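[1] pasting a predicted model and its sequence here:
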Amino acid sequence: MSVLTHDHIAGQTPNSSNAGGMLLRRMNVVTAIIFGLIFCVGIHYIATAVFVMPEIPEGQDPPSGLVWMLENRVTLATMAGWVLGFMVGIGAFNGPVRWILGKDLTDEDLLFQAGKDQGISRYFRYTTDHKVVGIQYLIITMTLLGVGGTFAMLIRTNLMTPTSTFLGPTTYNTFVGMHGIIMIIATIIMVTGPFGNFVLPIMIGARDMAFPRLNALSFWLIASVVPVLLSTPFLGGMPTGWVAYNPLASQAPPGMDAFVITIIVFAISSAIAGANITTTAVKMRTKGMTWTRTPIFVYGVVASVGLAIPVFPAFMASQVLSGLDRAAGTTWYDPAGGGSGWLYANLFWLMGHPEVYVILIPALAALLELTPVFTRRPLFSFKTAVVAIAGIVGLSVLVWAHHMYVSGWAPDLGGPFMLTTEMISIPTGLLFLVFIGTMWRGRIWTRLPMMAVYAMLWNFVIGGITGVYLSDIPADEAMHGSMFVTAHFHYTLMGVALTGALGAVVYWFPKMTGRMIDEKIGFWGFWMIQIGFQVTFMGMFMVGLGGQPRRVFNYSDMYTTGNFVSTMGAYTIGLGALVFLYTIISSWRHGEVAPSNPWGAKTLEWQVPTPVPLENFDVLPIITEDAYGYGRPASEPKEGSSV
Amino acid sequence: MTDVELVSAPQEDAQYAWWRRKDVKAIFLIWLLLTVIGLSLCWVPAHLMGESASEQMDETKQTMTLFTAIAAPVGAFIWAVMIYSLAKWRYTGEGPPPDDAPEFRTNTPSVLVWTLGSAILTMVVFVWGLLKIAAIPAASGFGLQVVDAPPAMEIAVTGNQWVWNFTYPEFNEIQSDVLYLPVDTPTTFDVTSNDVIHSFWIVQMGVKVDANPGAITHTEVTPHKVGTYEIRCAELCGILHAAMQTQVKVVPKTEFDAWVKAKLAVVPLGPAEPKSVGGA
């Protein structure tokens, strides 16, 4: 690591003075929490002092609406204070402030920020190295999945019997909403975060992301807002589910403010990450890596974060308006003041449907990336895969109102939205073809990552078919808002996306941690998750078809069997997840040391040593063909073999 | 890794036309078997939807069966390739396979056939859906007004946290929290809400439309079977969303008239008088 030719380091004028760097070196997650708490408490006191109740005549009660509104103002300000303080404390503003003061970061500062020679402490700092950020994302994803999964277990426990009082209605609704939003955030970041950050730059032959500091910023914004989100149950909860429909949300206690802040910060974070990853993939591919030689995983990640760039602002806007309704007395969503719940629903689903592809595409792309490795076949029809991904992205922004078929909004648009929705099955079907085409006459090496491909295909067939039922308006009229919908989207988001992420983590684990995953135990964890998954959601399909609504804490006796089956399946998933988690932790700590290319893969990340050095490559590689040249002896390389 | 048996032998039958090759024939047989199983089970979703009390529910169940039947051969194909590839092309060595599989990168005919096939299936599903929307007046809670439909009985449905309220404007605004419907009578529901968004759902009639505050939405149904059915709320509306359910009693016309008469006897004619005079 003696040669460091980081472009933006090389561009700096060397500055021997180290006077300004001490603060930078002292900031970490502890100072972030301290600053967060100071800002949080300080702003809370200021807000309480500023937002005071007007004089109320003697003997009268203050109007409850005003009390509620002031409460929301204080809550929103306090939470925003926490996020701001946390970001100050972690050092997010060091670079810009130093730049304004004319004391730009020195080479040593930048190397420090990249985490050079810091060991484990670099994971607790505002570290810019993309590999550190990737590991940080992996940890926060696993944490969120664990918390969201715990909520799922509690929900399923409540639903084991028809009239359970285990959680009670308020807590039940809050937990449903928390499970939803935590899992949505976790699954959005679960592939593009860990693998998009760790693997993608190496895969394209870059030394880091285009904007390393923004990379750290996007991660720490999410980290800062997780405590805010988790405060929801302690602030009266949220009765709305993760969709946070208005006007219901404008009745909700301050727990709802936590949701508002979370979404706003998360949208900023994903915009930053999206700009960063997109720029990296477009501008920083190494010499010779033309678009047809770029690995399919890169396409998947870019499609995902690129799709998030236009759609997440709609979600953010929906929550900004929601916050204004709650704290400033506006009436965006209040019909009595000229607003409309349909406005909220539109803004929400403008994000809400593309978002499922933001989750799905990178997971599928990770599996597309590893399928050739485990079948020793070139990816079947690479260009078809690219077109399919592009087609899904394009159509995904035109289908949002199928979530509103029965809302009464624009009934005449039902037909067009039915058409766009059903058309998505064409590019999606092409991805199936790419998978089975790649498996065709391959040497199917049955390691765990390849098993994820099989499990995913099984689940995707079911998730896809049930999606076609729901796209049909009369059928949706019968099933909208029922457990059938819940089961359907779990088949896609969990059965496909999460399964893909599990495959990805096993596949890239050796490169990211330097150790092999123990597949003997991992096998049991993985298949317990998969089998428990089938049981859970088959039971849920049953009760959904029979007419059990979603998001109910009690249900009619006729659904007892299906729900009991679901709960048993859910416990199996929970157990399997614990086994899988144990596998990851124990393999990480003392697994078998991995060779640099255990799978015999051809993409660039497997050609660098493990552990990957700070700037990935001593000399940037030059690419002459794509990474899928399986099936011919290495002695006779074929020029320009890219499809 | 040395004594590895390669399950996937080189293709000896490559000189034959594709449909005569061993792999293809085996996959075809598995596909056929799975398709037959799928087709013989395609009544299951409709069956699980339970009792039907309206023509629209009948139609929806038909749709479910048809879509399942269309999906069966498609899913069966994917699963057939999966099963066969695991059984026949598996390699179980410790390290990466010592030799690679054949290098072919695409197959234009199969991509074209696949694209065309899925486009045709999509169009079938889409046109079927459009025809159903047009044919069932009840599905045209989506704004399609059927001009020559028989005059329908109107009922105003109001969602409140967490009860349903039904008003019969044609019968002097009588109100009920249980819905009474005369059998075989076209009925229009004008649905609204007093607070948050609810969704009015008659489970066994396959009818659902949101109840929005500040707006009136419509749906229609003709119940064709006497009995008691479920009305539920299908949009999360607060803590007691689960409890927001009531029943619909579909009764013969004479019985319905009797019920109306009894209700009218209790409800004073003319504008309702203020109920509480003293007290405050």
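    Great, that's in hand.
[2] show me what contacts A:I222?
    Counting by C-beta atoms under 8 Å, 6 or more residues apart in numbering or on different chains, A:I222 touches A:140, A:185, A:189, A:265-266, A:269. Placement of C-beta: from N, CA and C, glycine included.
[3] cool, and A:A186?
    A:141, A:144-145, A:148.
[4] export the contacts of A:I222 to a markdown table and tack on neighbour count, secondary structure and distance to B:P102?
    Below are the contacts of A:I222 laid out as a markdown table (neighbours: other C-beta atoms under 10 Å in any protein chain shown; DSSP: H, G, I helix; E, B strand; the rest coil; distance: C-beta to C-beta, whole Å):
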| residue | neighbour count | secondary structure | distance to B:P102 |
| --- | --- | --- | --- |
| A:I140 | 20 | helix | 42 |
| A:I185 | 24 | helix | 43 |
| A:I189 | 27 | helix | 38 |
| A:V265 | 22 | helix | 50 |
| A:F266 | 25 | helix | 46 |
| A:S269 | 23 | helix | 45 |
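[5] hmm, back to that, let me know the closest of the contacts of A:A186 to A:M456.
    A:L145 (17.0 Å; C-beta to C-beta).
[6] that closest one touches A:I184, doesn't it?
    No. Here A:L145 does not reach A:I184: they are 11.4 Å apart, not a contact under C-beta atoms under 8 Å.
[7] centre-most residue in the chain?
    Chain wasn't specified; assuming chain A. The centroid of chain A falls nearest to A:I188 when counting by C-alpha atoms, centre = their mean (1.8 Å).
[8] not what I meant, chain B
    For chain B, the residue nearest the mean C-alpha position is B:T60 (6.3 Å; C-alpha atoms, centre = their mean).
[9] isn't that residue up against A:A475?
    Yes. Contact criterion C-beta under 8 Å: B:T60 and A:A475 qualify, at 5.4 Å.
[10] the residue nearest to the centre of chain B sits in which helix or strand?
    For B:T60, the host element (DSSP states H and E) is helix B:55-88.
[11] who's in contact with the residue nearest to the centre of chain A?
    A:270, A:308, A:355, A:358-359.
[12] Serialize these to TSV and add fields for neighbour count and pLDDT.
    As requested, the contacts of A:I188 are exported to TSV (neighbours: other C-beta atoms under 10 Å in any protein chain shown; pLDDT from 0 to 100):
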residue	neighbour count	pLDDT
A:S270	29	94
A:A308	25	95
A:E355	25	95
A:V358	29	96
A:I359	28	96
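[13] redo those as TSV? Include secondary structure and distance to B:N107.
    Shown next, in TSV, are those (DSSP: H, G, I helix; E, B strand; the rest coil; distance: C-beta to C-beta, whole Å):
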residue	secondary structure	distance to B:N107
A:S270	helix	38
A:A308	helix	34
A:E355	helix	34
A:V358	helix	31
A:I359	helix	30
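[14] just the strands in the chain please.
    Just going to use chain A. Shown for chain A, the strands assigned by DSSP state E span residues A:444-445.
[15] um, chain B though
    B:90-91, B:153-160, B:163-168, B:174-176, B:179-182, B:187-193, B:198-202, B:207-211, B:217-221, B:227-233, B:245-251.
[16] do me a favour and average the pLDDT over the third one.
    Just to be clear, that refers to strand B:163-168. Averaging pLDDT along strand B:163-168 yields 96.
[17] between strand B:207-211 and it, find me the angle.
    100 degrees (axes from the mean of the first three to the mean of the last three C-alpha atoms, to 10 degrees).
[18] could you list the buried residues of strand B:163-168?
    Within strand B:163-168, the residues scored as buried using 16 or more other C-beta atoms under 10 Å in any protein chain shown are B:164, B:166, B:168.
[19] got the contact list for stretch B:75-87?
    Residues contacting stretch B:75-87 (C-beta under 8 Å, 6+ apart): A:432, A:436, A:439-440, A:442, A:444, A:446, A:454, A:457-458, A:461-462, A:465, B:23, B:26-28, B:30-31, B:34-35, B:37-38.
[20] so A:G514 touches A:A594, yeah?
    Yes. If you go by C-beta under 8 Å, A:G514 and A:A594 touch, sitting 5.8 Å apart.
[21] thanks a lot, catch you later.
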